[in-house]
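Student: sequence and predicted structure, then a few things I'm wondering about:
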Amino acid sequence: MSRYEQTEFPFAKSTPRRRRGLPRVARRLPAVDDEAARQRLERRIAVHLIPGRVALAVTDNRYTMISVKREKGPLYRVRLHHMFLDADPTLVRTLANYIVHNDTAASDELGRFIDENQLKIRRARRRKQVSVTLETRGEVHDLQELFESLNARYFNRSIDARITWGQRNAKRRRRNSIKMGSYSVEDRLIRIHPSLDRRFVPRFFVEWIVYHEMLHQVHDIPLVAGRRIFHTSEFLQQEAQFEHFERARRWERAFLNRLLHY
Ligand SMILES: [Zn+2]
């Protein structure tokens, strides 16, 4: 076994197979940051790995449901989609088999589980979508158009999110800080501060803010020493790949003061 090896387990591209009987699926979707549930599953997997150790991270990835990195020890760094949090004992054993031996039977079994849950999660997400009035067409910038253009250029159209301008206030004032964009994992909703919808704000700058928020759907938010890391090194690396990265940062430094007046 090599010291560094990574296996990934993407969502099956095929249409999910129909199965007889009740699918083994959790009735509710656990919160991603359910730390107690993560620790519980980590312990349940660890039982099967002796003498190996496992470090488990729970994700809300769209495409990679399982990834395993093997390090000296052996230590298995495992990233699992939260659909596995309530896995039954048989599935936990299968997971352990897959983690240690990468075996085909285990892989098939996990594939079926993922197929079933993929559908459930999508339906639940659609149901759960909060109703917000989306205001995508601003006075200067059309967020939907920006989003779609970025989605095509950088993400192979894989980002599934809604986007809107944030609330506009009637009164202008000088702020101490400004949150130019946000992304809600639960609602898959990107909000962009209306301060950016002004003539002096160039398209590449709004694009950069939108791009950043879109990246939040791609990257995990690991818990490290009890703290959520929103901008991991992988995140920052990909962020720097934005075409006008340096230009956008320079523009921000030069115009931050004007953005704060809103
Ligand atoms: Zn961010």
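Tutor: Happy to help now that I have it. Numbering: from 1, shown residues only.
Student: from now on I want contacts and neighbour counts done on CA atoms only, so please keep to that.
Tutor: Noted.
Student: which residue is most remote from the mean position of this protein?
Tutor: In the chain, the residue that sits farthest from the middle, by Cα atoms, centre = their mean, is Lys171; the gap is 35.0 Å.
Student: what's the span of stretch 173-192 from first residue to last?
Tutor: Length of stretch 173-192, first residue to last, Cα to Cα, to the nearest Å: 18 Å.
Student: buried stuff in that stretch?
Tutor: 180-183, 187-192 (16 or more other Cα atoms under 10 Å).
Student: out of these, who's nearest Leu259?
Tutor: Met180 (9.0 Å; Cα to Cα).
Student: please identify the helix or strand for the residue nearest to the spatial centre of the chain.
Tutor: Among the residues of the chain, the one closest to the centroid is Gln217, at 3.6 Å (Cα atoms, centre = their mean). Here Gln217, judged by DSSP states H and E, is contained in helix 203-218.
Student: helices or strands up against that helix?
Tutor: Here helix 203-218 touches helix 143-154, strand 181-184, strand 189-192, helix 233-239, helix 245-260, going by 3 or more Cα pairs under 8 Å, 6 or more residues apart in numbering; DSSP states H and E.
Student: could you export those as a markdown table, including distance to Leu49 and mean pLDDT?
Tutor: Below are the helices and strands packed on helix 203-218 laid out as a markdown table (distance: least, Cα to Cα, whole Å; pLDDT from 0 to 100):
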| stretch | distance to Leu49 | mean pLDDT |
| --- | --- | --- |
| helix 143-154 | 39 | 97 |
| strand 181-184 | 36 | 91 |
| strand 189-192 | 39 | 95 |
| helix 233-239 | 28 | 94 |
| helix 245-260 | 44 | 96 |
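Student: Ser107: which of these is closest?
Tutor: Distance to Ser107, taken as Cα to Cα, is lowest for helix 233-239 among these, at 26.9 Å.
Student: that closest one: which residues count as buried?
Tutor: By 16+ other Cα under 10 Å, the buried positions in helix 233-239 come out as 235, 239.
Student: where does pLDDT dip in the stretch 1-150 of the chain?
Tutor: 1-33, 126-130 (pLDDT under 70).
Student: wait, a helix at Ser195?
Tutor: Yes - under DSSP: H, G, I helix; E, B strand; the rest coil, Ser195 sits within a helix.
Student: enumerate every residue touching the residue farthest from the centre of the chain.
Tutor: Shown in contact with Lys171 (Cα atoms under 8 Å, 6 or more residues apart in numbering): Tyr262.
Student: let me see the backbone angles for Arg70.
Tutor: Note on Arg70: its backbone torsions stand at phi -100, psi 130 [degrees, to the nearest 10].
Student: for it, grab the count of nearby residues.
Tutor: Neighbour count for Arg70, taken as other Cα atoms under 10 Å: 22.
Student: same question for Arg122.
Tutor: Arg122: 11 surrounding residues under other Cα under 10 Å.
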